[in-house]
Every structure is written in structure tokens, then in C-alpha cells.
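# model the structure of this input:
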Amino acid sequence: MIGDYIRYMNVPVNKLLIDNYGTLGIDERAMIVIIKLIDIHQYSSQLPEFTLLSKGTKMSSSDISKVIEELIQKGLLEVETIKETGKYIERFNLDPLYSKLAKFLDMAEPAKPEPTEIRSLFEYVEGLYGRVISPNEFERINSWLEDSKFTPEAIRNAVDLAYQNQIKSLQYVERILGQTGRETTEPKAERMPVRSWLEGGDLND
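This is a model prediction of the structure:
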């Protein structure tokens, strides 16, 4: 019973973050701080004391402060000072982190081709083969577009290459596609503005 309870005492951690934190330019220490901030942000946006963030780690409060500053400089975290009920407090925002993670999702899921491109591809294949393609051929080409994420242009080039070799077999075209690969693009990283928190200052001023 206790074992089952412990098994499900999980902190929500974004899989894109786990898979790409190195690409974001952060190390495992910063990763631990982010995980703690994600957990805290579920119920509060107030930046916690550094002693709380260091609890259970081998980092000191000074280490935590440096990590927080690094996260702000890298555009992964925003911290602002506001006055609430007569005293100054610090609020943190993880939206910059999620914005950067969304770019990895865009890279993993290429934009779907336009319907006109797809229709043009089928018409091109039928014109080249001199006949209407069969339902099985239709499904196969469609699977290249939907499941394998090949572009219409890549499929057209593979069909051309097979036809030049006097082969009208989609199985042969599929082998060509497997060798040529898929088109990918890498979005440029966008730097988020650094909050004035980096300038320091006494909160009680």
C-alpha cells in the first residue's frame, strides 16, 4: 500500500524539457531548479526562498541564486518585483521556457502540405503512369504523407527517379524515399528580454 502511494508521488515534468534541456544550454543542476519551480508554480507564482529550493539538493542558496540568474539570462525564466499588501515580493513566470519548448514541438511535427499540393501530386503520378492509381496505391502514397511525413515534392522526386529507371512500382519508390530522407527546418532561437531582477537592489527600498 505504501509502495503504491510512493510510486504515484510524481512531479509533473514536461517530456520536451527532459529530452531537450541540453539543447537549451542548461545542465542538470539548472534542470533540478526548473523542476522544483514547475512544481511550486502549480499553486503559487511567488519566487520561493532559495533555502527552500536548495532543500534536498547539494546546492547552497548561493548556488541557487546563480542558477536563477542563469535561467533569466538564457531567456527561460522571468522574475519581476511587485508591491503587494504594502510589501515587495518577487513573482516568477515560466512562459518563456514553455515558448522555447514549443519550438521543439514544431520541429517534431512538420506542417502538413496544402490540399492543392496533395491533389497535384496524385494527378502527377496518374499522368506519369498513364492510368488512374488503385485504392491500394492511393492509401500507400497517403501514408507517406500522413504517417512518414514525406513532402509532396520528395515523393514526386522519388517517383521521377523510379520512372527514369522504367519502374512503376511504389515499393521501389518507397525504398528511394527511405534513402533520401525527409526535409527538416530548424527555427531560429528567439532571445527573451531579461527582467530588471538581474540589476539587484534591496526589496525593502
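# list the residues that contact the residue sitting furthest away from the middle of the chain.
Centroid-distance maximum for the chain: residue 130 at 43.3 Å, with CA atoms, centre = their mean. Residues counted as contacts of residue 130 (CB atoms under 8 Å, 6 or more residues apart in numbering): none. Where C-beta positions appear, they are placed from N, C-alpha and C, glycine not excepted.
# how much space separates residue 63 from residue 165?
Using CB to CB, to the nearest Å, residue 63 is found at 63 Å from residue 165.
# residue 99: how many residues sit nearby?
Look at residue 99: counted by other CB atoms under 10 Å, it has 13 neighbours.
# element containing it, please.
helix 95-108 (DSSP states H and E).
# how near is the spatially most central residue of the chain to residue 162?
Among the residues of the chain, the one closest to the centroid is residue 104, at 2.5 Å (CA atoms, centre = their mean). Residue 104 is 34 Å from residue 162, where distance means CB to CB.
# right, and the helix or strand after the worst-scoring helix or strand of the chain on mean pLDDT?
The helix or strand of the chain with the poorest confidence is helix 2-7; it has a mean of 64 (mean pLDDT, DSSP states H and E). Once helix 2-7 ends, the next helix or strand along the chain (criterion: DSSP H and E) is helix 15-20.
# buried set for that next one?
Of the residues in helix 15-20, 16, 17, 20 count as buried by neighbour count, 16 or more other CB atoms under 10 Å.
# and for stretch 40-60?
In stretch 40-60, counting by 16+ other CB under 10 Å, buried: 40, 47, 50, 53, 54, 59.
# now do stretch 19-28
Applying 16+ other CB under 10 Å to stretch 19-28 flags 20, 21, 24, 26 as buried.
# any residues touching that stretch, and which ones?
Here stretch 19-28 makes contact (CB under 8 Å, 6+ apart) with 30, 31, 34, 70, 71, 74, 76, 100, 101, 104.
# for residue 87, give its distance to residue 46.
11 Å.
# rewinding a little: now for the contacts of stretch 19-28: which two are most distant?
Within the contacts of stretch 19-28, 70 and 104 form the most distant pair, 19.9 Å apart (CB to CB).
# which one is residue 49 nearest to, not counting chain neighbours?
residue 61 (8.0 Å; CB to CB, 6 or more residues apart in numbering).
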